[in-house]
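A.B. asks: what's the 3D shape of this:
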Amino acid sequence: MPVLSAQADDPVGDGEIRLALERMAASEAFRGSPQLIAFLRYVVEATLGGQADRIKGYTIATEALGRTVDFDPQADPIVRVEATRLRRALNRYHASASGADDVRIDLPLGSYVPVFRRAAANVVLPLPPPASLPPTRHRLGRFAPPSINWRHAAAAIALVLLGAGSYAGLDFWFDFTPSTQPIGPAGAAQSPAAPEPPRTLVAFPAVFVGTFQASGDANAQVAADSLRAKLRDALARFDELNVMSGVPPQGDRTRGAANSATASQYTLTASVETGSAGLGVTVRLTDIADSQIVFARTFERTRYGGDAGPGEETIVREVAAALAQPYGIIQSRERTHQTASPAGNPHYRCLLDAYDYWRSFDPALHAPVRDCLERATEADPNFATGFAMLAEIILQEHRRGLNPRPGDAPPLERALRAARRACEIAPGSAQVHQVLMDAYFSRGEYALALEAGERAATLNPYSPNILALYGARLISLGEQEKGARLIKEAATLIVVRPAWMDFYLFLAAYLADDRAGAATYSAQITTEKFLLGLVAQAIVAAQRGNADTARQLIGRVGAVYPAFAEDPQRELKKIFPSDAITGRLVRDLAQVRAGATN
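C.D. replies: A predicted model of the protein is given here:
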């Protein structure tokens, strides 16, 4: 980080400030946060234009963050929340290699007016007031003595730096230091001073992206190389896989029964052939241990070329989803490997058990999965995927009231803590940002939730699970068209969808008054322990005139989730903040109970 020194006679020019702002906007720290850049750009331009006095919470909200003119700063904390996030993002940017600019832009604590300083200056250099304004007591030249006592000046500068460093250090500490409060049960043995292991104890399956053979004209090799690179990069976006280029070392090619604790190894290969009808592509996944081909797919008459085309993108999406998603081919095979022998990796099995919970929503699985993940993350403080999945499981304590424990912190607090710990370990993980989205959403921090969801979908657009979860949150917040589009896109990539995905497809059709579509999707929900699935099926049964069936389903809801039977509106509001959605569901459920049909 550049050393700052005091040179008040070298003011910062407007052009230099704007150039520094554009570098920030293009940096990794800000690229995925358009709302933060909008905030920063607004306050910078207002200051440069001599309108710093207009920078208030209301004007930032309405002119930079898209709030309407009836915005109430007292009721909506969006500006304060975003200002805190912006300060932290600025700290991260200036601490990074890309942040070594000649000009710094900072947002002081307690103010929304930015200050600008040179990397070669210790003192903050605010813009001089416009010429039309009279001099003020705060201008440097007003009180400068004709001669300077440099010993006193040095001491003053040191005190200023000490104070500024304390504020910056505290902000940095609270932003990046893991909480020492336990995420798991009260009293669990967790030592914040214990050194972390150099790498995670969980060995995920390895996929070696091998040879993509080409035959035909010269375009075949171009297409093969392009497809290989894009498939490799798409698979690498999934946390539960280790993806490498080339072939595995000869000594690692076997995995016997006694070695079942070691993750499986696979090779991904393809053949690409050009002909008069276009391009033919065959992709294969082979288990290295026994040379068994576990996946093969042929794509005919696809497009080809050096750039990604619709045909190539289709191949990448379908292959990545089929192989790498939580319910895909690789994870399904790994469940068999891991459960076939007690020597399986216990931490990895925690994740597989968590996937089973989300498939069935069986309340009996909740506590064992939570306890398993707590033990795994305590044993391995670098288990980012474990912390992420633990956060999701803890959120079910809030949504469903499952398995509360005396002495535990509130579930929303513990879930957010686990999600943030996962983000500290793996800040570039799409899955981690998806979990942050769910944690923020459950806490009612909807702006942060949508930003995290957008980030997750950007980091891994090949994960149907992430796309569908983001779509579900959009629908829950009233953005039904965009949310339904994402879920339908995700649904085309999954053969056997988890129950929650079919519910949100039902919900999108239900809200659009598409009764046929709603009935189709509700019929796909086969688990009898999924609260929302039972609600969907009861509403469809009532719409079809099957009042007795509808009442039986509602009775099953009350048996599995007594709190819902007591106050359905309260419980639904935990899931759907939109009054329009909650109100409609509650009204239709009341008609079901009364025996009425639509």
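
A.B. asks: The host helix or strand of residue 295 - which strands sit beside it in the sheet, and in what orientation?
C.D. replies: Secondary structure assignment for residue 295, by DSSP states H and E: strand 292-302. As defined by DSSP bridges, the strand partners of strand 292-302 come to strand 278-287 (antiparallel).

A.B. asks: Name the residues of the partner strand that come out as buried.
C.D. replies: Buried positions in strand 278-287, judged by neighbour count with 16 or more other CB atoms under 10 Å: 279-281, 283-287. C-beta coordinates here come from the backbone N, C-alpha and C atoms, glycine included.

A.B. asks: still on that earlier bit, figure out how far the strand holding residue 295 is from the centre of its chain.
C.D. replies: Taking CA atoms, centre = their mean, to the nearest Å, one finds strand 292-302 lying 31 Å from the centre of the chain it belongs to.

A.B. asks: Residue 214 against residue 221, yeah?
C.D. replies: Yes. Counting by CB atoms under 8 Å, residue 214 does reach residue 221; the two are 4.2 Å apart.

A.B. asks: how many neighbours does residue 225 have?
C.D. replies: Neighbour count for residue 225, taken as other CB atoms under 10 Å: 14.

A.B. asks: Can you name the residues that contact the closest residue to it other than its chain neighbours?
C.D. replies: Among residues not flanking residue 225 along the chain, residue 212 sits closest, at 7.1 Å (CB to CB, 6 or more residues apart in numbering). By CB atoms under 8 Å, 6 or more residues apart in numbering, the contact set of residue 212 is 224-225, 227-228, 269-272.

A.B. asks: how far away is the residue with the shortest distance to the centre of the chain from residue 355?
C.D. replies: In the chain, the residue lying closest to the centroid (CA atoms, centre = their mean) is residue 433, at 1.6 Å. Look at residue 433 and residue 355: by CB to CB, to the nearest Å, they are 19 Å apart.

A.B. asks: do residue 483 as well
C.D. replies: For residue 483, the distance to residue 355 - CB to CB - is 23 Å.

A.B. asks: With neighbour numbers in mind, choose between those two.
C.D. replies: residue 483 (23 against 20).

A.B. asks: Tell me which other helices or strands the helix or strand harbouring that one touches.
C.D. replies: Per DSSP H and E: residue 483 is located in helix 480-491. Helix 480-491 sits against helix 464-476, helix 499-511, with contacts defined as 3 or more CB pairs under 8 Å, 6 or more residues apart in numbering; DSSP states H and E.

A.B. asks: okay, these in TSV with mean pLDDT, distance to residue 455 and mean neighbour count next?
C.D. replies: Shown next, in TSV, are the helices and strands packed on helix 480-491 (pLDDT from 0 to 100; distance: least, CB to CB, whole Å; neighbours: other CB atoms under 10 Å):
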stretch	mean pLDDT	distance to residue 455	mean neighbour count
helix 464-476	90	10	25
helix 499-511	88	20	23
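
A.B. asks: circling back: buried set for the next helix or strand after the strand holding residue 295?
C.D. replies: Using DSSP H and E, the helix or strand that follows strand 292-302 towards the C-terminus is helix 310-324. Neighbour counts over helix 310-324 (16+ other CB under 10 Å) mark 311-312, 315-324 as buried.

A.B. asks: list the helices and strands helix 310-324 packs on?
C.D. replies: The contact analysis (3+ CB pairs under 8 Å, 6+ apart) places helix 310-324 against helix 218-235, strand 278-287, strand 292-302, helix 329-339.

A.B. asks: would you list these in JSON lines and tack on mean pLDDT?
C.D. replies: What follows is the helices and strands packed on helix 310-324, written out as JSON lines (pLDDT from 0 to 100):
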{"stretch": "helix 218-235", "mean pLDDT": "88"}
{"stretch": "strand 278-287", "mean pLDDT": "88"}
{"stretch": "strand 292-302", "mean pLDDT": "85"}
{"stretch": "helix 329-339", "mean pLDDT": "81"}
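
A.B. asks: Looking at the ones you listed, which is nearest to residue 58?
C.D. replies: Of all those, helix 218-235 sits nearest to residue 58, with 43.8 Å by CB to CB.

A.B. asks: tilt between that closest one and strand 292-302?
C.D. replies: 130 degrees (axes from the mean of the first three to the mean of the last three CA atoms, to 10 degrees).

A.B. asks: shouldn't residue 73 be in contact with residue 81?
C.D. replies: No. The pair residue 73 / residue 81 is not scored as a contact, 11.6 Å apart, by CB under 8 Å.

A.B. asks: returning to that earlier point: please save the CA atoms from the helix holding residue 483 in CSV.
C.D. replies: In CSV, the C-alpha atoms belonging to helix 480-491 read as follows (Å, rounded to 0.1, in the frame of the first residue of the first chain):
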residue,chain,number,x,y,z
GLN,A,480,-42.3,-12.8,-10.6
GLU,A,481,-41.4,-12.6,-14.3
LYS,A,482,-37.7,-12.6,-13.9
GLY,A,483,-37.8,-15.2,-11.1
ALA,A,484,-40.0,-17.6,-13.1
ARG,A,485,-37.7,-17.2,-16.1
LEU,A,486,-34.6,-18.2,-14.1
ILE,A,487,-36.4,-21.2,-12.5
LYS,A,488,-37.7,-22.5,-15.8
GLU,A,489,-34.2,-22.1,-17.2
ALA,A,490,-32.8,-24.1,-14.3
ALA,A,491,-35.6,-26.7,-14.5
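
A.B. asks: Just checking the distance from it to the centre of its chain.
C.D. replies: Distance, stretch centre to chain centre, for helix 480-491: 17 Å (CA atoms, centre = their mean).

A.B. asks: cool, and stretch 222-234?
C.D. replies: Counting by CA atoms, centre = their mean, stretch 222-234 is centred 25 Å from the centre of its parent chain.

A.B. asks: list the buried ones in it?
C.D. replies: Of all the residues in stretch 222-234, those buried under the rule 16+ other CB under 10 Å are 222-224, 226-228, 230-232, 234.

A.B. asks: Please identify which of the contacts of residue 212 is nearest to residue 375.
C.D. replies: Taking CB to CB as the measure, residue 375 lies nearest residue 269 of these, at 38.3 Å.

A.B. asks: Are we agreed that the closest one is in a helix?
C.D. replies: No. Counting by DSSP: H, G, I helix; E, B strand; the rest coil, residue 269 falls outside a helix, being strand.

A.B. asks: my guess is it meets residue 211, correct?
C.D. replies: Yes. Counting by CB under 8 Å, residue 269 touches residue 211, with 5.6 Å between them.

A.B. asks: of those two, who's got more company?
C.D. replies: Neighbours were counted for residue 269 and for residue 211 using other CB under 10 Å; residue 269 has more, 18 against 14.

A.B. asks: Return the residues in contact with the spatially closest residue to that one that is not a sequence neighbour.
C.D. replies: Nearest non-adjacent residue to residue 269, counting by CB to CB, 6+ apart: residue 210, 4.7 Å away. Listed by CB under 8 Å, 6+ apart, the contact set of residue 210 reads 246-247, 267-269.

A.B. asks: of the contacts of residue 212, closest to residue 535?
C.D. replies: residue 227 (43.5 Å).

A.B. asks: coming back round to it: can you confirm the residue nearest to residue 269 is in a helix?
C.D. replies: No. The assignment for residue 210, made by three-state DSSP, is strand rather than a helix.

A.B. asks: Would you check how far apart it and residue 231 are?
C.D. replies: 11 Å.
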